[in-house]
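Visitor: need a 3D model of the following:
(4 chains)
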2 protein chains.
Amino acid sequence: MAATKIRNMEEFAAVCGISRPTVSKFFNDPTSVRPSTRHKIEAALEQHDYRPNIYAINQNRDRTKTMGLVVPNLTDPFFAGIARMIEGLILDAGYNPVLLSSHAGPDQEIANLDSLRDIKPAGLLLAPLGRASRAGDVAAICADVPTVLFDANLDGVGEAFYGSDNEQSVRLIVDYLCRSGTPPAFFEMRDPVNPNAIRRRRAFVSAMERLGHAPQMIQVDGTGWDFEAIGFREGTRMFKGGEVPAQTILCSNDRLAIGLLSAAYESGVRVGIGDGADLRIAGHDDHPFARYTCPSLTTISQDYTAIATRSVEAILDIIEGGNRRSDREVALFEGHLIMRGSA
Amino acid sequence: MAATKIRNMEEFAAVCGISRPTVSKFFNDPTSVRPSTRHKIEAALEQHDYRPNIYAINQNRDRTKTMGLVVPNLTDPFFAGIARMIEGLILDAGYNPVLLSSHAGPDQEIANLDSLRDIKPAGLLLAPLGRASRAGDVAAICADVPTVLFDANLDGVGEAFYGSDNEQSVRLIVDYLCRSGTPPAFFEMRDPVNPNAIRRRRAFVSAMERLGHAPQMIQVDGTGWDFEAIGFREGTRMFKGGEVPAQTILCSNDRLAIGLLSAAYESGVRVGIGDGADLRIAGHDDHPFARYTCPSLTTISQDYTAIATRSVEAILDIIEGGNRRSDREVALFEGHLIMRGSA
DNA sequence: AAGAAATTTTTACGCGCGACAAATTATATT
DNA sequence: AATATAATTTGTCGCGCGTAAAAATTTCTT
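Guide: Got it, this is the predicted structure:
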C-alpha cells in the first residue's frame, strides 16, 4: 500500500503529478477532468488510499451531500424496512443518507432534527410521530431545509407529503370482510397518536355506513407504541370476559392484530375462516411477521415502494431541480388486499 | 428570537460581549469558564440560537466526539433493540452515536466502516456479520480506530468482544427440555453465516452428550437472513412429509422458530406442553415477537443489557482512559431461560 | 489593601479544502 | 499548420474554528 502517508490534498496532488485544484475538481466530479488526468489520479488512488477530509470539504458549504432521514421508531420493522428502501434510493442518487430514529419520543424527534440541522443536509425525509410531534418546533426546523414528509402528515410542514390512502384501503378490506362474512367491528386504541389511525377510524365508519351497516367500535385503553402488548392485554380481557362483540374484527394495524391473535389463541378462541372458527381477524400494514401469525394474517399491504420512491424523487426534484413546491404536494397511494388465513 | 442572524462564533461572541476564544472554550466545556461569563453566554444563546459549525470544529481534530455503531441488520428487531440501547448509553457518555446497518451484506459492512472512517469517530462499536464478513478488510479499517466488537466475534479484530455465552445458554435450555420431556433435536441452517449459530450447534452436541443422549440434528437448506421464511418452508416440508424426527425441537434462533411454529400450525401439528400436544418447540434469543407466537415461545433471553453496557464501558475506557487493551478482552454473558407455552 | 492566582482578552497562526481569475498548456477543428 | 476550444496550472483568498502565547483584567487569599 502506501509508502508515504498522505496528509492532505496538496500532498496527494503532488504524488499524482497534478495540481491541487484539479484534484479537487476530480473529487467533486471525476468526469470534469480530462480522461488522461483522471486515470493518473485513479492510479494514484490505488496506491495511496487518500480520502479528502469531509469536514474541510463541508466547512464552507451551505448544503452538503447528505440527506437526513428520520423515522418515528426503528424498532418497528415497518419503519426499519421502509428506511432501508429509502436509504438505497438516496445512495443511488449520490447522496449520503443519515438515518435517525425518534424512538417514539417527541423530544428525541426534535433532537434528531436539531442534530441534522448541524449537518446541513441537502434535504430531509421525515416520517413524523404524528399527533405526539411538537409540531411547531418541527415546522420551525424544517422551514430552513427542503423537507418531504412521508407516512404521517403534519399540516403545513415540508413541501410534500406521501402516504397511504387509508380511505381506500380500509374501504377495500371492509368491503371484503362484509362480502365474505359478518360485518367487522373496528379494534383500535381509544386515543391513538398516529394520524393514520385517526384516518382509518373515520374510513371505517364511512365504509360501513356506505354498506348500510352500523359501525361498531372496540376502543381499548393503552398508550405508547407497544401495540402487540396492548392488543394482547385488551384482547385477553375481552375474550376472558366472554363478551366478544363481533364475529369479525378489523384491527387498526397489524401489530395490534398480532397481539389480539395471540390472546385469542391463548383464550381458546379459534380464529380463521374455516367452519370451526369462532372469529375472523384482519389487520392493516402487512407487517413482516403477518405472514407467520397463527393463522396467518389477512391484511392490507401499503405501497411502501411507491411511498419511498416518490418521496425521494420529490426531495431530489426540490434540491436539484430547484423546484420548491409552490403549493404543498400531497399524494396517497392505494393499498392492496393480502388474503391469508385469519379472515 | 433572533433579531440579527448570527453567522459565526465571532459575531456570537460580540453579542455576548465576550471574546471569541472564551466562547470557544465554553462550547468545549461550559464549566471551564467563570460562572458569570457562562451565564452571559447562556443568556445570549437563548436569544440568538447560534450553533458552532460542526465541520469547522472537527476539521483539525484527529478524533471527534462521534461514536460509530454498526449492526448487521436493522430490519431484525433484535439488533434494532440493542442498537437503541447502545445509542442511549453513548449519548449519556457525551458522544454522538452514528448508527449504520450492514443490511446483511459484506460489502455494505465495509462501506459502513469506510464512511465511518471519514468521520474520524472517537471509537467504533461493531456487531459484524460474522462468517460473511470480509474479515481482512474489516480488520484493516478497525486497526486505525479504537474498536469494540459485540454480538459476533471476529478473531483478532477490535480490542474487546462482548457476547452471549452460547455454551451456557444452550446447555441451560437443553437441560430444561430433557428434564421436562423428550430430548430435543436441533433445528438449524446447514451452513449458517452467524458464528453464534456455529457455537450453538457445538453447544447443543456437547450438552446432549453430557446427558447421555445422541444429538440429533435437523439441518435445513437456505441462505441469507430471511430466517422466518426458511423455518416456515422447511418446517412445512418436514411436517407434510409426515416424518417429524422428534417430539421436541430446539431451534438455533427464535426467527427460525417463528417460521417453524407457523408451519406447524398450518400443518395441523399441535405445539405445546399440554396433553394434546404433538410437539414442543423452543428457540433462542427472546425475540420481541416471541411472546406473541402461538403458542408463545419458550426461549433463551440474551443479556442485552450487559452486552450493551459492557461494550460501551469498554470503548469509553479505551478512549478516555487511554487504556488500549494489551491482550484482547473477551467476556460472555449468561442467558436466562424464558419459559412459555411452546416447550 | 496588597499580592497571588485564576480568568479573560488580544493577537495571530493554521487546518484542509472550495472557488475564482489569469496565465498556460493540451486537444480538437478546419 | 494555424486557430479555436477546452482543460489545467498557478496563485491567492476565505471559511469557522481551535489553539497558543503574552498582556490585561478579575477574583481570591491572607
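Visitor: residue boundaries of the helices in the stretch 201-343 of chain A?
Guide: A:227-240, A:254-267, A:304-320 (DSSP state H, counting those that start in this stretch).
Visitor: among those, which is nearest chain B?
Guide: Across the helices of the stretch 201-343 of chain A, chain B has its closest neighbour in helix A:254-267 (3.9 Å, Cβ to the nearest Cβ). Quick note: C-beta positions are derived from backbone N, CA and C, even for glycine.
Visitor: now do the closest one against helix B:254-267, angle only.
Guide: Calculated by axes from the mean of the first three to the mean of the last three Cα atoms, to 10 degrees, helix A:254-267 forms an angle of 60 degrees with helix B:254-267.
Visitor: packing partners of helix A:254-267?
Guide: Other helices and strands packing on helix A:254-267, by 3 or more Cβ pairs under 8 Å, 6 or more residues apart in numbering or on different chains; DSSP states H and E, are strand A:185-189, helix A:227-240, strand A:248-251, strand A:280-282.
Visitor: other SSEs contacting the shortest one?
Guide: Helices and strands touching strand A:280-282, as assessed by 3+ Cβ pairs under 8 Å, 6+ apart, comprise helix A:166-180, strand A:248-251, helix A:254-267.
Visitor: mean confidence (pLDDT) on the first one, please.
Guide: Translated: helix A:166-180. For helix A:166-180, the mean pLDDT works out to 97.
Visitor: buried residues in that helix?
Guide: For helix A:166-180, a neighbour-count test (16 or more other Cβ atoms under 10 Å in any protein chain shown) marks A:166-167, A:169-174, A:176-178 as buried.
Visitor: just the residues contacting that helix, thanks.
Guide: For helix A:166-180, the surrounding residues in contact (Cβ atoms under 8 Å, 6 or more residues apart in numbering or on different chains) are A:183-184, A:196, A:199-200, A:202-204, A:206-208, A:210-211, A:213, A:248, A:250, A:273, A:280, A:282, A:284, A:298-300, A:302, A:332, A:334-337, A:339, A:343.
Visitor: tell me the phi and psi of A:Gly212?
Guide: Torsion angles at A:Gly212 (phi, psi; degrees, to the nearest 10) stand at phi 80, psi 20.
Visitor: for it, give its distance to DNA strand D.
Guide: Separation of A:Gly212 from DNA strand D (Cβ to the nearest atom of the strand, to the nearest Å): 65 Å.
Visitor: next: A:Gly321.
Guide: 24 Å.
Visitor: which of the contacts of helix A:166-180 fall within strands?
Guide: Of the contacts of helix A:166-180, the ones assigned to strands by DSSP state E are A:248, A:250, A:280, A:282, A:299-300, A:332, A:336-337.
Visitor: pLDDT weak spots in chain A?
Guide: Chain A contains residues with pLDDT under 70 at A:1-4, A:323.
Visitor: okay, now stretch A:212-220: how far is its last residue from its first?
Guide: This stretch, stretch A:212-220, spans 25 Å end to end (Cα to Cα, to the nearest Å).
Visitor: ok, and for that stretch, which residues are buried?
Guide: A:215, A:218, A:220.
Visitor: wait, isn't A:Leu124 in contact with A:Arg63?
Guide: No: judged on Cβ atoms under 8 Å, A:Leu124 makes no contact with A:Arg63 at a distance of 11.0 Å.
Visitor: which residues do these two both contact?
Guide: Residues touching both A:Leu124 and A:Arg63 (Cβ under 8 Å, 6+ apart) are A:Val145.
Visitor: higher neighbour count, those two?
Guide: Each of A:Leu124 and A:Arg63 has its neighbours counted (other Cβ atoms under 10 Å in any protein chain shown); A:Leu124 has more, 23 against 14.
Visitor: kindly provide the distance from the more buried one to chain B.
Guide: Between A:Leu124 and chain B the computed distance is 17 Å (Cβ to the nearest Cβ, to the nearest Å).
Visitor: beta partners for that residue?
Guide: A:Gly68, A:Thr147 (DSSP bridges).
Visitor: residue contacts, it?
Guide: Applying Cβ under 8 Å, 6+ apart, the residues contacting A:Leu124 are A:67-70, A:113, A:116, A:142, A:145-148, A:158, A:315.
Visitor: rewinding a little: kindly reformat the helices and strands packed on strand A:280-282 as TSV containing distance to B:Ala135.
Guide: TSV is the format used below for the helices and strands packed on strand A:280-282 (distance: least, Cβ to Cβ, whole Å):
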stretch	distance to B:Ala135
helix A:166-180	46
strand A:248-251	45
helix A:254-267	38
